[in-house]
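> A predicted structure for the sequence below; I have some questions about it.
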Amino acid sequence: MKNETIHKVINSEYKLGFETIVNSDTFPAGLDENVIKAISAKKEEPQWLLDYRLKAYKRWLKMSEPKWANLEYEKIDYQNISYFSAPKKAPNSLDEIDPSILQTYEKLGIPLEEQKLLAGIAVDAVFDSVSVKTTFQDELEKLGIIFCSISEAAHKHPKLLKTYLSSVVPAGDNFFACLNSAVFTDGSFVYIPKNVRCPMELSTYFRINALNTGQFERTLIIADEGSYVSYNEGCSAPMRDTSQLHAAVVELVALKDAQIKYSTIQNWYPGDENGKGGILNFVTKRGICKGDNSKISWTQVETGSLLTWKYPSCILKGDNSVGEFYSIALSSLAQQADTGTKMLHLGKNTKSTIISKGISALKGRNSYRGLVRMAKSASNSRNYSQCDSLLIGSDCSAFTFPNQEVKNKSCFVEHEATTSKISDEQLFFLNQRGISEENAISMIVNGFCKEVLQELPMEFAVEAKALLDLSLEGCVG
Amino acid sequence: MLDINNLHVQINDKEILKGIDLNIKPGEIHVLMGINGSGKSTLVKTISAHYDCVVNDGSIEYNNDDLLRLNATQRANEGIFMSFQNPIEIPGINNMYFLKTALNAKRKHLKEEELNAASFLKLVKSKTNQFNIDDAVLKRNLNEGFSGGEKKRNELLQLLVLEPDLLLLDEIDSGLDIDAIQTVASGINSLLDGKRSVLMITHYERMLELIKPDFVHILEDGKIIKTGDYSLALKLGETGFKGLGE
């Protein structure tokens, strides 16, 4: 395939790259104990939470950035980042929310008002560092479901927060999780009570707006015994010519017979074709199937970010528990993605499935990194992994780093991997049937991703397809 | 409909077509014959804008317009259909979805209303029923795991759905048993309404008995060395290409 054609498809504009001018309260760049105390004070946090932050910060100072990922980037200057930015006036009701913020959400395609009425989706929108507004809260409250910002949970549900915060991802787990534990600003908190099936999809929309701010959101979802929840996360950011850091932590806890389905569409600004600008995305996502017969399912569509470092994982502790990971990662322009999962089997008869689809175009670099560990205690457990790579053009690359550790002989671990290329002959065939080059590539890519796309909630799947098309626009040859 | 003048084409730095002149009028059926490597497939591919074929000289006019400035997609939507000798497999693309996308691309190009799923299904089913094509192929992925015969029947289905004006048939009969050849031929004949034209490559007389050509062209080393009517094909069947020398 000719490079010009690939360029043509890929060089589409990032359509969410607008900036919203709001009067905001932003800390000067830099990080020390005082900054952490100030964040905590802004949120009027209880002492234990401040202590937790400071402890994490001290630990972080002794840690160094991980270097094992298949990623190349300029050194991050952690003192050149602002760790807090918020619209100046704290909103109490919809009327008080800055209209320009609401407009932003409309541009992103999530009009909160309409969604309330039409979609039946509860949205917690995080704009820079504070949770702007949580819809549907009342309705959920009737069922005993808690869906609020982490800051609110610190005040209203301190017991739950204290019990589960860092119970899956310890503060010192890794460099970026540790940084997040020290400076996290906001994020979502979800608790589903025993035997409650959450009647709607819960959604959070993250957006990095202010210049030179990092976004450090923290999400904690607890599904109590016999409950079910499906949670959707979407992300975008304005176009900048300097890179922005994003280091989030997501923790999921599924108790006995509970199920959590977590879906992400990540469309942060990817930077330009020379790797200028774009989000540096270092995320720690982990769930624990704590009780027997519980299930956690991760589905992710990663099309944005200059850099992605992300391994949504499952600890399968309860017997008969199930972990799933479905992933589409698209690296175009100068994007690099090092993403995959860890399935840690501890309980008996546990099962995990990994389906990873990596797409590389232009100068994109895509790596799948996975670990399947069968502990001695995990009798009769199984894993099935499938990692497929699709290359578009000749300057991109795809890597697969699957790791397996099996300590129990009754376990069964399967791994399949393929690498394919969109051939000129395939494109010509579709062109000869009247289908344009762009549509042809999009059809082939969507076909390649089909197994993962069908795991997404309906509306999300439509968005994901549109996003894949958008990211590939201009890349045909 | 199609007017080719002094066409010179190279593939990978090698000149394959060395001055082809060919005129096809609406409703005419033309057959290309010749030994392997004489340039038959290259001619058909060049008309469809295959990426391998580089035109060095000459011209092709289609409906009195310069065809060479159109890309493959545009030519297809203007009514040029090429059946492939070895149709390629495309994993993950549902065959029915593909057919619908192709038809609607053409309809959109012609500023006609696009068909919705229901009316498209009706259309396709009428074609599969009429020509004894197993509906199962609609649910499968595009040519993925298809036998040689199934691929060719799938080509026929695309032809029937897209209803092109100019049919370029590159050995659509190869690899088919006699019954299947009959099916494919009757499908093609059903489209021939006196306005549509055919340029066909075949090695089998059987096909020519079923679709009677108006003109038979013999290609040798990138040139048309002889043109005749159906009787030329019959003569060729008796004597072979070597018998043409005298």
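Received the coordinates, thanks.
> for residue 168, grab the count of nearby residues.
Assuming you mean chain A. Other residues within reach of A:V168 by the criterion other C-beta atoms under 10 Å in any protein chain shown amount to 22. C-beta coordinates here come from the backbone N, C-alpha and C atoms, glycine included.
> try chain B instead
25.
> again, but for the one 4 residues further on
Burial of B:I172, expressed as a neighbour count using other C-beta under 10 Å, amounts to 28.
> where does the stretch 201-350 of chain A get nearest to chain B, residue-wise?
For the stretch 201-350 of chain A and chain B, the shortest gap (C-beta to the nearest C-beta) falls at A:I328, measuring 12.5 Å.
> let me know the helix or strand that that residue is in.
Using DSSP states H and E, A:I328 maps to strand A:322-331.
> now swap in B:K45 and tell me
helix B:40-47.
> residue boundaries of the strands in chain B?
B:2-11, B:14-24, B:29-33, B:54-62, B:65-66, B:80-83, B:166-170, B:197-201, B:215-220, B:223-228 (DSSP state E).
> please list the residues of chain B that sit near chain A.
Within chain B, the residues that sit near chain A (C-beta under 8 Å from any C-beta of the partner chain) are B:48-51, B:71-73, B:76-77, B:81-82, B:84, B:87-88, B:90-94, B:97-98, B:101-102, B:105-106, B:109, B:141, B:158, B:162.
> and after the longest helix seen in chain A, which helix or strand comes next?
Counting residues, the longest helix in chain A under DSSP state H turns out to be helix A:437-453. Stepping forward along the backbone from helix A:437-453, the first helix or strand reached (DSSP H and E) is helix A:458-472.
> kindly reformat the strands of chain B as CSV containing mean pLDDT.
Shown next, in CSV, are those (pLDDT from 0 to 100):
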stretch, mean pLDDT
strand B:2-11, 96
strand B:14-24, 95
strand B:29-33, 94
strand B:54-62, 95
strand B:65-66, 94
strand B:80-83, 97
strand B:166-170, 96
strand B:197-201, 95
strand B:215-220, 93
strand B:223-228, 92
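> which one of these lies closest to A:L316?
Nearest to A:L316, of all the strands of chain B, is strand B:80-83, at 52.2 Å by C-beta to C-beta.
> that older thread, show me the beta-bridge partners of the residue of the stretch 201-350 of chain A closest to chain B.
A:V301, A:K357 (DSSP bridges).
> hmm, it is touching A:V452, no?
Yes - under the criterion of C-beta atoms under 8 Å, A:I328 makes contact with A:V452 at 5.0 Å.
> higher neighbour count, those two?
Neighbour count, other C-beta under 10 Å: between A:I328 and A:V452, A:I328 has more, with 27 against 22.
> where does chain B have low pLDDT?
For chain B, applying pLDDT under 70 flags the ranges B:243-246.
> give me the residue from it nearest chain A.
B:G92 (2.5 Å).
> is chain B contacted by the longest helix of chain A?
Yes - applying C-beta under 8 Å from any C-beta, one finds that helix A:437-453 is in contact with chain B at A:E437, A:N439, A:M443, A:I444, A:N446, A:G447, A:F448, A:C449, A:K450.
> in that helix, which residues are buried?
Within helix A:437-453, the residues that count as buried by 16 or more other C-beta atoms under 10 Å in any protein chain shown are A:437-449, A:452-453.
> same question, stretch A:51-61
So stretch A:51-61, judged by 16+ other C-beta under 10 Å, has buried residues A:Y52, A:R53, A:A56, A:Y57, A:R59, A:W60.
> likewise stretch B:42-61?
Result for stretch B:42-61 [16+ other C-beta under 10 Å]: buried residues B:42-51, B:53, B:58, B:60.
> and the end-to-end length of that stretch?
17 Å (C-alpha to C-alpha, to the nearest Å).
> for that stretch, the distance to its chain's centre please.
Computed by C-alpha atoms, centre = their mean, to the nearest Å, the chain-centroid distance of stretch B:42-61 equals 14 Å.
> can you list contacts of it?
A:424, A:428, A:431-432, B:2-12, B:15-17, B:19-20, B:22, B:32, B:66-68, B:70-72, B:75-76, B:80, B:82, B:166, B:168, B:170, B:199, B:201, B:219, B:222 (C-beta atoms under 8 Å, 6 or more residues apart in numbering or on different chains).
> return a PyMOL selection command for the buried portion of those residues.
This is how PyMOL selects the buried members of these, with burial counted by 16+ other C-beta under 10 Å:
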select buried, (chain A and resi 428+431+432) or (chain B and resi 2+3+4+7+8+9+10+11+15+16+17+20+22+32+67+68+70+72+75+76+80+82+166+168+170+199+201+219+222)
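> lowest average confidence, helix or strand, in chain A?
helix A:112-117 (a mean of 44; mean pLDDT, DSSP states H and E).
> re earlier: give me the subset of the buried residues of stretch A:51-61 touching chain B.
Near chain B, by the rule C-beta under 8 Å from any C-beta, you find none of these.
> from these, which land in strands?
Going by DSSP E, the strands hold none of these.
> for these, give me a markdown table that also has pLDDT and distance to A:A254.
Compiled in a markdown table, the buried residues of stretch A:51-61 are given as follows (pLDDT from 0 to 100; distance: C-beta to C-beta, whole Å):
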| residue | pLDDT | distance to A:A254 |
| --- | --- | --- |
| A:Y52 | 95 | 23 |
| A:R53 | 95 | 27 |
| A:A56 | 95 | 25 |
| A:Y57 | 95 | 30 |
| A:R59 | 95 | 27 |
| A:W60 | 95 | 28 |
